[in-house]
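Q: turn this into a model:
(one chain, ligands or ions: 1)
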Amino acid sequence: MAPSRHPRPARGAPVIGLDGVSFSYGEAPVLERVDLEILAGEFVGLVGPNAGGKSTLLKLVLGLLEPQQGRIHVLGRAPHHAVRWIGYVPQFPTFPRDFPISVAQVVLMGRLGRGTGIGWHRASDRAATRTALAEVEALDLAERRIGTLSGGQLQRVLLARALVSEPHILILDEPTANIDQRRESDIFDLLARLNERLTILVVSHDIAFISGYVDRVACLNRTLMCHSTASVDADFIHQLYGPNIRQVAHGGEPLELRHEH
Ligand SMILES: Nc1ncnc2c1ncn2[C@@H]1O[C@H](COP(=O)(O)OP(=O)(O)OP(=O)(O)O)[C@@H](O)[C@H]1O
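A: Numbering: from 1, shown residues only. Sure, this is the predicted structure:
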């Protein structure tokens, strides 16, 4: 049973550690001997080509999968004992337009891991829901049906759902994959503010964009290499992604990467 309290880790203390982790779903290895340490207060970008193993690594950290080799610790314990302290924003879910659940109800679900039962919420859960929605500037959406939101609005609501559990770590799987560039900057500005109190691990395809925000990038293509953002240049990007990547300069901003199919 997960403990109900865990003190906020001191800045610089290890919060996520992977030590020689290997994983495969079947025959072919997806991750091989991955070592990664993330410290409290860091903002780390996890990048790499399609099928490089990024979502799999997140699932291992969340305790949804078990490595065949190696060890993982989160906040000093096994992942499934620490998941209560992780706020997770999954990869672009979609909802039918008439899905009968409101934004406030979606955010309230984020309180379930705190001992709150389904259909039974305390006043403190409802207050936390409003606080989380206000923090992502989406309080005005509280009574809207979840299926009627734009991509950017939905991402903010899913972020509020992750924040309402009062986590120490925030993990996001491509939070801006289906939204335009201005909204992408808005979301990352918000993440930068949240990073003042939370450790953040974010998966992104847009390595050049995120290097303006994160402290360092972890590059995953079955094996892992970590780099400071200063070393992310065009040569490095070609080495990581290969030739099937197109770099698009836009409006004085850094390079954007698009896969060519
Ligand atoms: N449940 C599963 N069963 C079998 N194979 C899987 C499963 N989930 C993922 N895979 C395979 O594992 C490999 C890594 O997938 P993963 O989703 O971790 O990559 P990714 O880096 O997140 O990819 P993308 O950037 O395309 O989202 C892929 O070859 C994928 O097809």
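
Q: from here on, just use CA atoms for contacts and neighbour counts.
A: OK.

Q: okay, strands next: where are they in the stretch 1-150 of the chain?
A: Using DSSP state E, counting those that start in this stretch, the strands found in the stretch 1-150 of the chain span residues 14-24, 29-39, 43-47, 69-74, 86-89.

Q: bridge partners for Val21, pull those for me.
A: The partner list for Val21 in beta bridges (DSSP bridges) reads Val34.

Q: for Val107, give me its contacts.
A: Residues in contact with Val107 (Cα atoms under 8 Å, 6 or more residues apart in numbering) are Thr129, Leu133, Val157, Leu158, Ala160, Arg161, Ala162, Val164.

Q: for the first one, give me the pLDDT.
A: Among the per-residue scores, Thr129 shows a pLDDT of 96.

Q: how close does it get to the ligand?
A: Separation of Thr129 from the ligand (Cα to the nearest ligand atom, to the nearest Å): 29 Å.

Q: surely that residue touches Leu108?
A: Yes. Thr129 lies in contact with Leu108 (Cα atoms under 8 Å); the separation is 5.9 Å.

Q: find residues that contact each of these two.
A: Shared contacts of Thr129 and Leu108, counting by Cα under 8 Å, 6+ apart, come down to Arg161, Val164.

Q: make sure Lys59 is actually in contact with Leu65.
A: Yes. If you go by Cα under 8 Å, Lys59 and Leu65 touch, sitting 5.8 Å apart.

Q: returning to what we had before: quick check: the two most widely separated of the contacts of Val107?
A: Thr129 and Leu158 (11.7 Å; Cα to Cα).

Q: tell me which residue lies nearest the centroid of this protein.
A: Leu172 (1.2 Å; Cα atoms, centre = their mean).

Q: the helix or strand that contains that one to strand 69-74, inter-axis angle?
A: For Leu172, the host element (DSSP states H and E) is strand 169-173. Counting by axes from the mean of the first three to the mean of the last three Cα atoms, to 10 degrees, strand 169-173 lies at 120 degrees to strand 69-74.

Q: could you see whether the ligand lies near strand 169-173?
A: No. Against the ligand, strand 169-173 shows no contacts by Cα under 6 Å from any ligand atom, the least distance being 8.1 Å.

Q: low-confidence bits of the stretch 51-200 of the chain, can you list those?
A: 113-120 (pLDDT under 70).

Q: which parts of stretch 6-25 are buried?
A: With burial defined by 16 or more other Cα atoms under 10 Å, the residues of stretch 6-25 counted as buried are Pro9, Pro14, Val15, Ile16, Gly17, Leu18, Gly20, Val21, Ser22, Phe23, Ser24.

Q: what residues does the stretch 51-200 of the chain have near the ligand?
A: Neighbours of the ligand within the stretch 51-200 of the chain, by Cα under 6 Å from any ligand atom: Ala51, Gly52, Gly53, Lys54, Ser55, Thr56.

Q: nice, that's everything, thank you.
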